[in-house]
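1. when you get a sec, could you give me coordinates for this:
(one chain, ligands or ions: 1)
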Amino acid sequence: MIQMTKYFMGIDTSAYTTSIAIIDEFHNIIFDERSLLEVRQGDRGLRQQEAVFQHLNNIPRMIDTLSNKIELSKIKTVSASVKPRNLKESYMPVFKVAQGQAFVISRILNADYKEFSHQDGHIAAGVLGSSFNHKGPFLAFHISGGTTELLLVEDNIKSYDIKLIGGTKDISAGQLIDRIGVKLGFGFPCGKEMDMLSQNGNIINKKLPINTDDTWINFSGAESFFYRLIEEKLYNNEDISNSVFHCIANALANVVIESIKVYDINDILIIGGVAANSLIRQILNQRIYESGLGSIYFPIAEYCTDNALGTAFLGAIKRGEKSFGGL
Ligand code: KG4
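-> Numbering: from 1, shown residues only. Got it, this is the predicted structure:
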């Protein structure tokens with residue numbers, strides 16, 4: 001009897017993007033669609049209710065595209081990112097959309113239903129989209145719009161065991177980028193555009209505020225520093241963007257090097273939207289290489305920014321929570 005290929009579907013509805021993905025049992029990508037939420041010019045993000053509304057409008061259109069492209073009967077598992085982190089109290093309204101839609105789709109398709117966290121999805125996407133092949137615990141640096149967290153990660157049957165061991169004590173790397181970007185007049189989120197501009201820029205001739213202590217970072221000093229710089233009008237957007245990424249990359253590198261020493265783990269996976277940045281990748285790679293202490297892995301850029309590939313992949317390899325919101 002010919003065995004039919006099995007598909008694993010994932011849905012992620014973050015504060016930035018509606019994502020739906022399908023992978024097969026060999027982890028090939030069958031479908032990967034993302035819709036960046038629309039933010040008004042000058043705004044620094046969306047209120048949760050606005051993001052929920054956009055997800056509710058995006059999903060039917062994306063499911064319609066999907067149903068015209070793939071054989072739905074092959075979907076054996078539907079997984080959702082249902083909360084930001086793998087913690088009991090972790091909650092954000094946007095993820096309720098993925099949770100509800102994935103559950104309904106699973107019941108209609110008579111497929112399994114699994115729940116994971118958005119952060120688990122980012123880690124899994126990092127594993128799927130890189131040559132990272134850890135044995136035992138590893139370090140993951142999650143650098144996104146709302147998160148800059150250094151994590152000690154161990155695999156378990158359900159998903160990952162995660163311990164927070166460092167990161168930002170105030171704003172996230174993504175917030176720093178987006179706040180400066182909006183001040184410079186870019187549309188939110190600004191990282192990608194600033195990334196491209198920074199490649200034609202140079203680091204400014206001033207001491208950059210890189211504030212780290214042990215495995216922790218403060219970015220708000222850098223925020224005030226760059227706001228002042230923008231008001232001075234002495235530097236162009238290319239140089240400001242280039243310097244912002246230098247500042248972030250060096251802060252991240254200080255903390256990664258410190259954590260390798262403290263935890264004696266030398267495999268580090270970098271994940272999240274900010275990890276797509278060319279200059280940050282280059283500087284982090286160079287600093288970790290020069291330290292001679294560890295090996296750093298970056299997924300290809302499409303696996304860094306929000307996606308549902310990680311959630312789909314988790315559905316294929318992990319048990320997750322199998323009931324709807326603990327029902
Ligand atoms: O992981 P992500 O897509 O969404 C979540 O936070 O969950 O990260 C979004 C953040 C935004 O701050 C965006 O400006 C930033 O990632 N970002 C980038 C780049 N692409 C996205 N930052 C720097 N360079 C990029 N190429």
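2. just checking: what are the partner strands of the stretch of helix or strand Ile268 belongs to?
-> Assigned by DSSP states H and E, Ile268 belongs to strand 267-271. Next to strand 267-271 in the sheet, as set by DSSP bridges, lie strand 138-143 (parallel), strand 295-297 (parallel).
3. ok, and what's touching the helix or strand that the shortest one is followed by?
-> Read it as strand 295-297. Next in sequence after strand 295-297, counting helices and strands by DSSP H and E, comes helix 309-317. For helix 309-317, the external contacting residues (Cβ atoms under 8 Å, 6 or more residues apart in numbering) are 8-12, 19, 21-23, 25, 27, 29, 32, 77-81, 112, 114, 116, 120-129, 159, 303, 320. Glycine gets a C-beta too; all of them are placed from N, C-alpha and C.
4. next one: stretch 249-258
-> For stretch 249-258, contacts defined as Cβ under 8 Å, 6+ apart pick out 139, 141, 143, 150, 166-167, 173, 208, 210-212, 214-217, 219, 222, 268, 277, 279-280, 282-284, 287-288, 291, 293-294, 296.
5. excluding covalently adjacent residues, which one is nearest to the residue of the stretch 201-327 of the chain found nearest the ligand?
-> For the stretch 201-327 of the chain and the ligand, the shortest gap (Cβ to the nearest ligand atom) falls at Gly273, measuring 2.2 Å. Distance criterion Cβ to Cβ, 6 or more residues apart in numbering; nearest residue to Gly273, sequence neighbours excluded, is Thr305 at 4.3 Å.
6. so who does that neighbour touch?
-> Taking Cβ under 8 Å, 6+ apart as the criterion, Thr305 is in contact with Thr17, Arg34, Gly272, Gly273, Ala276.
7. can you show me the strands along the stretch 201-327 of the chain?
-> Per DSSP state E, counting those that start in this stretch, the stretch 201-327 of the chain carries strands over the ranges 211-213, 216-218, 267-271, 295-297.
8. can you put those in CSV and add mean neighbour count, mean pLDDT and distance to Arg107?
-> Listed next are these as CSV, based on neighbours: other Cβ atoms under 10 Å; pLDDT from 0 to 100; distance: least, Cβ to Cβ, whole Å:
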stretch, mean neighbour count, mean pLDDT, distance to Arg107
strand 211-213, 15, 98, 48
strand 216-218, 20, 98, 44
strand 267-271, 25, 96, 31
strand 295-297, 19, 95, 37
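9. redo the ones you listed as JSON lines? Include distance to the ligand.
-> Formatted as JSON lines, these follow (distance: least, Cβ to the nearest ligand atom, whole Å):
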{"stretch": "strand 211-213", "distance to the ligand": "19"}
{"stretch": "strand 216-218", "distance to the ligand": "16"}
{"stretch": "strand 267-271", "distance to the ligand": "8"}
{"stretch": "strand 295-297", "distance to the ligand": "17"}
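10. can you put the ones you listed in TSV and add distance to Asn237?
-> Shown next, in TSV, are these (distance: least, Cβ to Cβ, whole Å):
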stretch	distance to Asn237
strand 211-213	24
strand 216-218	24
strand 267-271	25
strand 295-297	29
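11. filter the contacts of helix 309-317 down to the ones in strands?
-> Among the contacts of helix 309-317, the ones falling in strands (DSSP state E) are 8-12, 19, 21-23, 29, 32, 77-81, 112, 114, 116.
12. filter the residues you listed to the buried ones?
-> The neighbour count (16 or more other Cβ atoms under 10 Å) marks 8-12, 19, 21-23, 32, 77-81, 112, 114, 116 as buried among these.
13. got the CA positions of stretch 214-231 in PDB?
-> Output of stretch 214-231 as PDB, limited to C-alpha atoms (Å, rounded to 0.1, in the frame of the first residue of the first chain):
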ATOM      1  CA  ASP A 214      27.300  40.500  33.300                       C
ATOM      2  CA  THR A 215      24.700  38.900  31.000                       C
ATOM      3  CA  TRP A 216      22.300  41.900  31.100                       C
ATOM      4  CA  ILE A 217      21.900  44.900  28.800                       C
ATOM      5  CA  ASN A 218      20.400  48.400  29.100                       C
ATOM      6  CA  PHE A 219      19.300  49.900  25.800                       C
ATOM      7  CA  SER A 220      17.500  53.000  27.000                       C
ATOM      8  CA  GLY A 221      20.800  55.000  27.200                       C
ATOM      9  CA  ALA A 222      21.300  54.200  23.600                       C
ATOM     10  CA  GLU A 223      17.800  55.300  22.800                       C
ATOM     11  CA  SER A 224      18.400  58.800  24.300                       C
ATOM     12  CA  PHE A 225      21.800  59.000  22.700                       C
ATOM     13  CA  PHE A 226      20.400  58.400  19.200                       C
ATOM     14  CA  TYR A 227      17.500  60.700  19.700                       C
ATOM     15  CA  ARG A 228      19.900  63.500  20.500                       C
ATOM     16  CA  LEU A 229      22.000  62.600  17.500                       C
ATOM     17  CA  ILE A 230      18.900  62.800  15.200                       C
ATOM     18  CA  GLU A 231      18.100  66.300  16.600                       C
END
